[in-house]
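**Q** Give me the fold of what follows.
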Amino acid sequence: MRGEWRSIGRIERYEINDGILLLDCGDLGAEVKIVGSNVLRVRLITPDEAPRSSWVVRESESALKFEFNDEGEYLVVSTEKLSLNIRRNPCRLEFYDHDGWMINRDDLGKGMGWDGEQVRCWKEMPENEHYFGFGEKAGSLDKRDQALTMWNTDNVYHYTPTDPLYGSVPFFMALREGRSYGIFLNNTHRSSFDMGKESSHYYSFGAERGPLEYYFIYGPKPKEVLFYYTELTGKPFLPPLWSLGYHQCRWSYYPESRVREVASELRKRRIPCDAIWLDIDYMDGFRVFTWNKERFPNPKKMIEELRRDGFKTVVIVDPGVKVDEGYRVYEEGKSQGHFVRLPSGELFMGDVWPGACHFPDFASSKAREWWGSLFKELLDVGVAGIWLDMNEPSVFFKNTIQLDAVHNADGRLTDHREIHNAYGLLMAKATYEGLLRIQPDRRPFILTRSFFAGIQRYAAVWTGDNESSWEHLRLSIPMCLNMGVSGVPFVGVDIGGFRRSPSPELFARWIQIGVFYPFCRNHTMTGTPDQEPWAFGDEVESISRKYIELRYILLPYLYNCFYQSSLTGVPVMRAMFIEFPDDPNVLSGTMDGNISERQFMVGDWLLVAPILYEGAKSRIVYLPKGEWFNFWTNEKISGGLPITVEAPLNVCPLFVRGGAIIPMRSVVQYSDEKPINPLVLSVYPSGTSKVEYYEDDGVSFNHVEGEFLLVEFTCTKNEDSVIFEVSERKGSYNHGARTYELRFNGIETKPAKVLWNGEELKQASVKAPSWEYLKKEKVLVVRIPDRGQRELLEIKMEK
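**A** This next block holds a predicted model:
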């Protein structure tokens, strides 16, 4: 980084005020606040320091107590989890755990610095440290040796070196020797992270304007870092169940007859689907919150009839409001002062799809409330979900709103330099809160293209305008994984690619990985050939049906992954190191490329290893140490070494971790077509494992008032028996009468007997209670009623 940087110097004096340690270092100063036992806030104080504000962080006003010692050369701040040693001359911060292990420390030569409006921090970079997160970034999973910019940009058809992209999260997680920490730079201005590109000895982060304020978060495990990071920026929302299904989209389905044709084909061909999406051509001249009455003469009737057939309707909404006298949205926004202004006081104007547009000032709570109210007409006709696009914000010919444009943050005037990166986040917030006010008993579903840290509270995200290529198929894995590391679990990629058209083989391989994206949507651009699953011939249609059906079979598991994410911040689609931080092999390479970018976990138990190269019929998979099962064959495999797996076109390699208890359901054509009955528990006995199962109505907020179901399953494999326990049910959610169907996989021989609460079960392939052994599959099937009470199964094997 070039410039006349002035680094923070000697600590001349210090004081502790309201639990915050203040350091006076002459021209510069610093403050340290203990936010949690392993979360510290560090702030550089510059001569022209602005009042502190945050668009993201949810932090207690009061600081936690800490131990403080003045040891002469060092000032030492200690919490229950870590110690901050502050070198006195020059002022440098060093973070240690209580075992004396150095977690992180400032670069001795640079530390924290200031150059005019720019601020920056330099940290030592150990040789074996890896860096993940940073929001939406193309390229490798590990961002070591890369320089990254945080500036939301409509950067179409992104390729490996392209940066920045549509969304920014100035947060990263570091991993070294199985231990991890995170750093969140709390600044919405254009910022940058140099993770060793400038120097192999240090990394740095900073911003062109605004405060140098960062949160240091220690794990030591990655899941703990994510928990505390999302404590700061917000836990992910629990989505409606239907949004986890398969979504069919293109730019654009119109007129109404084409929408109905697509819906009819999906049902006729028995390809499960929950939602059909309408792109910009449903609007009247691209005016937001309108309908083109020639293409869609009666949208309420169409949407209701789609709903009866199990389809939700999702429509796109952009921020640009057409300048058009007599257009209600324009007239209201102008007269009520809700649009972004120029320094002259005139309204900013920029061209987007409708032509000349004004843009809502989402920094204003009044403008956000107005914007939220506009969705009532869409919801009144039955629209179920909202798709936010062009909200970087993108402006034709200008890239974005001019940087000196004025935003009114409830009386505090600021410019677009501060608001730009937060614009998509604030638009999503306005939309989410508006939908809640209109339908307070329904969980909103929003998809957004642009975002900032904290977006997980309001919306799902997709990675924007990708391309139908094998390169972009491969890119999708590290992009989604780093989004998960950035606290954003509900993420997906345009299946099949947006630009151009995939070959039948590419589409088949893409749908196989696409059903494991947290957000599962097939989307393509205007002018491309049809991209529905049946557009590529009978073989690919059959493959698509098989894998989309698998997603619906796994819906109870996926919903539980999202439930856990809403509590912990841990993503649904996970980088291998999140589950196996102590295994260095998960970051190493094979003949197929870097393991961390070629395979991933879904939840705690499933490992997905898709085919990513044209013509490939096999691949190398690394299974970490422990017992694993091939999902398709039930073959047991000992982990710890790479294996070669055969994968013809209709097979995506999929493995299950030993000890798994995976809730499943029967195939349905849409998520709420039928109640879950039976609740299938696919069990892979290995040692002792415990799994919580969660269920609610999947639609409302009644779970907040206790209307949910929570059960704990425990499985213990002994030398000559398998013990399976069901806990008493918690919560008041009533799912109706149903059966547990327990499928114990990898059972090599027929059991001698099966006991249910001490009584021997009969062997029969009939209604519960009963059991049967499927010799060819090596599966024991046990059926018992779900009575909401404690149950005990004992499977006695022949000795």
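
**Q** Got the domain ranges for this protein?
**A** Per automatic domain parsing, the domain ranges recorded for the chain read 6-233, 573-657, 675-796.

**Q** Format these as JSON lines; extra columns: mean neighbour count, mean pLDDT and distance to residue 325.
**A** Yep, even glycine has a C-beta here, placed from its N, CA and C like the rest. Listed next are the domains of the chain as JSON lines, based on neighbours: other C-beta atoms under 10 Å; pLDDT from 0 to 100; distance: least, C-beta to C-beta, whole Å:
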{"stretch": "domain 6-233", "mean neighbour count": "19", "mean pLDDT": "94", "distance to residue 325": "28"}
{"stretch": "domain 573-657", "mean neighbour count": "19", "mean pLDDT": "95", "distance to residue 325": "48"}
{"stretch": "domain 675-796", "mean neighbour count": "17", "mean pLDDT": "97", "distance to residue 325": "41"}
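
**Q** Using just helix, strand and coil, how would you label residue 307?
**A** Here residue 307 is recorded as helix under DSSP: H, G, I helix; E, B strand; the rest coil.

**Q** From residue 566, how far off is the residue most central in space within the chain?
**A** The residue lying closest to the centre of the chain (C-alpha atoms, centre = their mean) is residue 489, at 1.8 Å. Relative to residue 566, residue 489 is positioned 9 Å away (C-beta to C-beta, to the nearest Å).

**Q** what do you get for residue 769?
**A** 34 Å.

**Q** again with residue 306
**A** Residue 306 sits 29 Å away from residue 566, going by C-beta to C-beta.

**Q** what does residue 540 give?
**A** Applying C-beta to C-beta to residue 540 and residue 566 gives a distance of 35 Å.

**Q** Tell me which of the two has more neighbours.
**A** Counted by other C-beta atoms under 10 Å, residue 540 and residue 566 do not tie: residue 540 has more neighbours, with 23 against 17.

**Q** so for the helix or strand where the more buried one lies, what's the average pLDDT?
**A** In this assignment (DSSP states H and E), residue 540 forms part of helix 538-553. When pLDDT is averaged over helix 538-553, the result is 99.

**Q** how about that helix: buried residues?
**A** For helix 538-553, burial by neighbour count (16 or more other C-beta atoms under 10 Å) applies to 540, 541, 543, 544, 545, 547, 548, 549, 550, 551, 552, 553.

**Q** can you name the two of those that are farthest apart?
**A** 540 and 553 (20.0 Å; C-beta to C-beta).

**Q** all strands of the stretch 151-300 of the chain, in order?
**A** For the stretch 151-300 of the chain, applying DSSP state E, counting those that start in this stretch gives strands covering 168-176, 179-185, 191-194, 202-207, 213-218, 246-248, 275-278.

**Q** Just put those strands in a markdown table and tack on distance to residue 261.
**A** Below are the strands of the stretch 151-300 of the chain laid out as a markdown table (distance: least, C-beta to C-beta, whole Å):
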| stretch | distance to residue 261 |
| --- | --- |
| strand 168-176 | 39 |
| strand 179-185 | 47 |
| strand 191-194 | 47 |
| strand 202-207 | 50 |
| strand 213-218 | 51 |
| strand 246-248 | 12 |
| strand 275-278 | 11 |
